Structure formats: structure tokens, C-alpha cells
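**Student:** Predicted model, plus sequence, below.
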2 protein chains.
Amino acid sequence: MEQQISVARDILEKNDRMAEKLREIFHSKKVLVLNLMSSPGAGKTTLLENTLKALKDKYRMAVIEGDVQTNNDARRIEATGAQAMQINTDGGCHLDSSMIQKVLNEFDLDKIDILFVENVGNLVCPAEFTVGEDHKVTILSVPEGDDKPEKYPLMFAESTAVLLNKTDLLPYVEFNMDRAANFARSLKEGVRIFPVSAKTGEGLQDWYAWLTEQVQAKK
Amino acid sequence: MEQQISVARDILEKNDRMAEKLREIFHSKKVLVLNLMSSPGAGKTTLLENTLKALKDKYRMAVIEGDVQTNNDARRIEATGAQAMQINTDGGCHLDSSMIQKVLNEFDLDKIDILFVENVGNLVCPAEFTVGEDHKVTILSVPEGDDKPEKYPLMFAESTAVLLNKTDLLPYVEFNMDRAANFARSLKEGVRIFPVSAKTGEGLQDWYAWLTEQVQAKK
């Protein structure tokens, strides 16, 4: 048991050291890096497709896709015209810094303003592994329920921004926006909350405005 | 790295050994044990609430609730009249056999026909850790998308039964039942597929009939 805890600590510390190196690279290249996390099927890829299309004349953007299996998401991203690299964790439940480091030389960071990292669909494990990002962003979809910030607190405590996605389904499910938002705020002071529908486009302008602020803060 | 792999293997082997002991206990007591797994918010607890109410005059049932935090789910289960024990993993992404073993003496197994284990909401990690169950059961909710069996294959490859929940939302989302079911079947021969709405009750009779078959097979 002690051996297990010690190895777990070693893994996290090793990841943190590599993340710090990545952070220095991203900083020197002035690349804004966002680590997108959510449950499976909360709408990360659809959100990215919309974002890449909406801001493509304004910013140079690229995506690292994390999935247990398949390269479906990378193909969806490439269809928007943006560069995408797929990482398959082959059973692994999160991305870590060494995985990011291994694909990083596929990108020309001098020509990227925003690098999105779409993490493995999992509301637990990815929160523990920083990948050198500027911000962790959590997407919670309305059908999952407004109790999820309370039940999965670490993810929300780590996130600078929370998107409450699939607002188009609000008429058909029980979801109290205030309850979800207030729990998220209790876990992270100053968190920005964006109710959006990546499907209909509702609320996305506020998300784009926030992204613009973050890019400008990085320059 | 080798040390990490070796420790990971030790953890899984140790879990398997404990699961085998649990399996012997459950077998000797003729308790049917089902390990319910899904993404966060797919409807595991609502399904259990309905099941416990519908079958309470027929079977003696109890629930072990796994959550990262809170005892909300155990309170919902107890409100149906069934016994529930909450396990908080405190950040851990799955239940394991030693956690089950620790709460098992809270139950009188001579007076239980079905023990449900509601795992942590996570479509990745729980699949690797058997807890001595007769069957793993995966709940996939319609808003998550019909591509999830392909993207999270281990969970579906391990599951004897798959519930496709929240069918009441089918008119409002893109979800091809055949696509999801066919992927699940390609991963697990003979898997039973149940399209259900735990909210409206649609399709639950077939799930109850399957449960009845499993209880009878155990006696």
C-alpha cells in the first residue's frame, strides 16, 4: 500500500515537472493552451468544431485530441481546416504531460495562437494531471444533472471556466442552472460560467469573447 | 516506468484475488451481484430507484453506492426502503474489491437476493476492476452519443447487459440505436441490449424480466 502511494506520488510529481517544461515552451512561444475536460459525450468536440470555424480568420488554432480509442475526433477537427493530432491512450483514463510532449514537435508553435487539448472523456482522472495549460476548462452537459460539480469537485475546483452545454435540452430535463453555477463558484472563486448550446450556437459569443481576452492576455 | 507497470499489475492482481474471495461468498449465499457502470449522469441511480420500487415485493435487494464525494445517492436509495451503503473514494476513479469487502459485513447476505453495486461515474477505469460480481452492466445515455461503445470499448466488452437510457430524449438528439447496439454486440457476443427510459418507465419491463432470469439462474 505504501509502495502504491509512493509510486502514485512519483507519477504526479514527474508529470508536474514535465508540465512545467511545457509551460515554459508555451510561454516563450506565446501560445494560449486550454485543457478541455468533461464526461464522455458532453460536447467537447462539437464545441471545438464551432470555435475553430467561428474564430479561424482571427486566430491560428490547433488541437491535440485525447481518446482511449479511435481517431474519430481528430478527423472531425481536421474537417474544419485546423491541424489536429490524435493521442490514443489505449485504456489510459487521462492525458499526461509526456504524451503532449511526444506530439508537440508535430506543431509549429510559432504559428499557433491557441492550442486546445481535448482530454479523455472522464470527469475524475484528468483533473489531477496538468499538461502545462494556461487554463483548465470543464464542459458539463445539461442532461448529466446539476449535481455534478458537487459530486466531482476536483474537476470544477481546477477549472477557470465552466461551460454548461446542451442548453437546448433544458426544456426536456431537470437541470437548475443556478444550482450548478453556484456549486461551481463555491469550488473555484471567480470561475467564469458559460451556458451554451454547441448545437444551436446559443451563448457561444460569450465564450469566444472570453477566449479573445485570454489570447490578448498571453501576448 | 517499469516500476509503474509492475505496480499497476500488482494492484490488478491483488484486486482479482480479493474479487475471487468475494465471488465465493456471494455464491455460497446465493446473492446475485450486479456491477453498474456508466458515465456521470447517465441515470444509474434513477434506474436503481425504479428497479427497487418495482421489484420490492418479489426480491430482497440492497445497494452499495460508489461516489467520489457526497452521500446523495445512498440517501436516494434509502428513500425507496432498500438498504444502502455509501463508499466515498475521495478522488479515486473506481470501486475495487477491498472497498466492497470493507462494507460487506454491514449487510446480512442471507437476506439479500440482489446486491447492486453502483460504481463511480466513469466510462474508463471501473471496467478494469472486478468486484466479484456476476455481471457487469453498462448504462449509456442517449445524449452521450451512439459512438461511445466504439470510443470506450473495454467497458462494453466486459458487460453482459447494456441499457441505452433516456430514450425519452431521442427526438431531441442525434442517436442511432442500431449503431450503438451493433457496436456493443461487436465487442461482446450475446450482450443483452435494453433501450429504456428510467424517467418514463419505457422498456423497464424487459430489464426486470432479465433480472428475474438472473436471480433464478443463481438459486
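**Tutor:** Received it, and whenever you're ready, just let me know what you need.

**Student:** Any regions of chain A where pLDDT drops low?
**Tutor:** A:1-2 (pLDDT under 70).

**Student:** Go again with 80.
**Tutor:** Applying pLDDT under 80 to chain A picks out residues A:1-5.

**Student:** Show me the strands in chain A, by range?
**Tutor:** A:32-38, A:61-67, A:83-88, A:114-118, A:135-141, A:159-165, A:192-195 (DSSP state E).

**Student:** Near chain B, which residues of chain A are found?
**Tutor:** Contact residues, chain A versus chain B (C-beta under 8 Å from any C-beta of the partner chain): A:3-4, A:7, A:10-11, A:39-41, A:67-70, A:72, A:91, A:93, A:120-125, A:128, A:141, A:143-145, A:147-148, A:150-154, A:166, A:168-169, A:172-173. Backbone N, C-alpha and C define where each C-beta goes, glycine included.

**Student:** ok, of these, which come out buried?
**Tutor:** A:7, A:11, A:39-41, A:67-68, A:70, A:93, A:120-125, A:128, A:141, A:143-145, A:147-148, A:150-154, A:166, A:168-169, A:172-173 (16 or more other C-beta atoms under 10 Å in any protein chain shown).

**Student:** May I see the buried residues of the biggest helix by length in chain A?
**Tutor:** When chain A is scanned for its longest helix (criterion: DSSP state H), the result is helix A:2-28. Across helix A:2-28, burial judged by 16+ other C-beta under 10 Å covers A:Val7, A:Ile11, A:Asn15, A:Met18, A:Ala19, A:Leu22, A:Arg23, A:Phe26.

**Student:** Repeat that for stretch A:187-205.
**Tutor:** A:187-188, A:191-199, A:203-204.

**Student:** tell me how far the ends of it are from each other?
**Tutor:** 25 Å (C-alpha to C-alpha, to the nearest Å).

**Student:** That stretch: how far from the chain's middle?
**Tutor:** A distance of 13 Å separates the C-alpha centroid of stretch A:187-205 from that of its chain, computed with C-alpha atoms, centre = their mean, to the nearest Å.

**Student:** cool, stretch A:194-214 as well?
**Tutor:** 14 Å.

**Student:** Check stretch A:25-34 too.
**Tutor:** 15 Å.

**Student:** can you list the residues that contact it?
**Tutor:** Residues external to stretch A:25-34 that are found in contact with it (C-beta atoms under 8 Å, 6 or more residues apart in numbering or on different chains): A:104, A:109-110, A:112-117, A:131-137, A:211, A:214-215, A:218-219.

**Student:** can I get the buried residues of helix A:2-28 in CSV with distance to B:Ala84?
**Tutor:** CSV is the format used below for the buried residues of helix A:2-28 (distance: C-beta to C-beta, whole Å):
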residue, distance to B:Ala84
A:Val7, 33
A:Ile11, 34
A:Asn15, 36
A:Met18, 42
A:Ala19, 39
A:Leu22, 44
A:Arg23, 44
A:Phe26, 46
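
**Student:** Among these, which pair sits farthest apart?
**Tutor:** A:Val7 and A:Phe26 (28.2 Å; C-beta to C-beta).

**Student:** Provide a list of residues in contact with the residue nearest the centre of chain A.
**Tutor:** Nearest to the geometric centre of chain A sits A:Leu36, at 0.6 Å (C-alpha atoms, centre = their mean). The contact partners of A:Leu36, taken as C-beta under 8 Å, 6+ apart, are A:Lys44, A:Leu47, A:Leu48, A:Phe116, A:Val117, A:Glu118, A:Asn119, A:Val137, A:Ile139.

**Student:** Which one of those residues is nearest to A:Ile100?
**Tutor:** A:Val117 (6.8 Å).

**Student:** how close does the residue lying closest to A:Ala62 once chain neighbours are set aside get to A:Val142?
**Tutor:** Nearest residue to A:Ala62, sequence neighbours excluded (C-beta to C-beta, 6 or more residues apart in numbering or on different chains): A:Gln83, at 4.4 Å. Plainly put, A:Gln83 is 31 Å away from A:Val142 if you go by C-beta to C-beta, to the nearest Å.

**Student:** Those two: which is more packed in?
**Tutor:** A:Val142 (25 against 18; other C-beta atoms under 10 Å in any protein chain shown).

**Student:** I figured the more buried one was touching A:Pro171, is that so?
**Tutor:** No: using C-beta atoms under 8 Å, A:Val142 makes no contact with A:Pro171, being 10.1 Å away.

**Student:** tell me, what's touching those two both at once?
**Tutor:** Common neighbours of A:Val142 and A:Pro171 (C-beta under 8 Å, 6+ apart) do not exist.

**Student:** Can you tell me which of the buried residues of helix A:2-28 lies closest to chain B?
**Tutor:** A:Val7 (4.7 Å; C-beta to the nearest C-beta).

**Student:** so who does the closest one touch?
**Tutor:** B:Gln3, B:Gln4, B:Val7.

**Student:** List just the nearest of those to B:Ile87.
**Tutor:** Once C-beta to C-beta is applied, the member of the contacts of A:Val7 that ends up nearest B:Ile87 is B:Val7, at 22.7 Å.

**Student:** And the closest one, how far from A:Ile11?
**Tutor:** Distance from B:Val7 to A:Ile11, by C-beta to C-beta: 10 Å.

**Student:** For the two, list the residues in contact with both.
**Tutor:** Counting by C-beta under 8 Å, 6+ apart, nothing touches both B:Val7 and A:Ile11.

**Student:** one step back: specify the angle between the longest helix of chain A and helix B:2-28 in degrees.
**Tutor:** 130 degrees (axes from the mean of the first three to the mean of the last three C-alpha atoms, to 10 degrees).

**Student:** Can you give the distance from helix A:2-28 to the centre of its chain?
**Tutor:** On C-alpha atoms, centre = their mean, the centre of helix A:2-28 falls 19 Å from that of its chain.

**Student:** can you state the direction angle for it and strand A:114-118?
**Tutor:** Going by the same axes, to 10 degrees, helix A:2-28 makes 160 degrees with strand A:114-118.

**Student:** picking up where we left off before, can you tell me which of the buried residues of helix A:2-28 is closest to A:Lys53?
**Tutor:** Distances from A:Lys53 to these, taken by C-beta to C-beta, are shortest for A:Phe26, at 23.8 Å.
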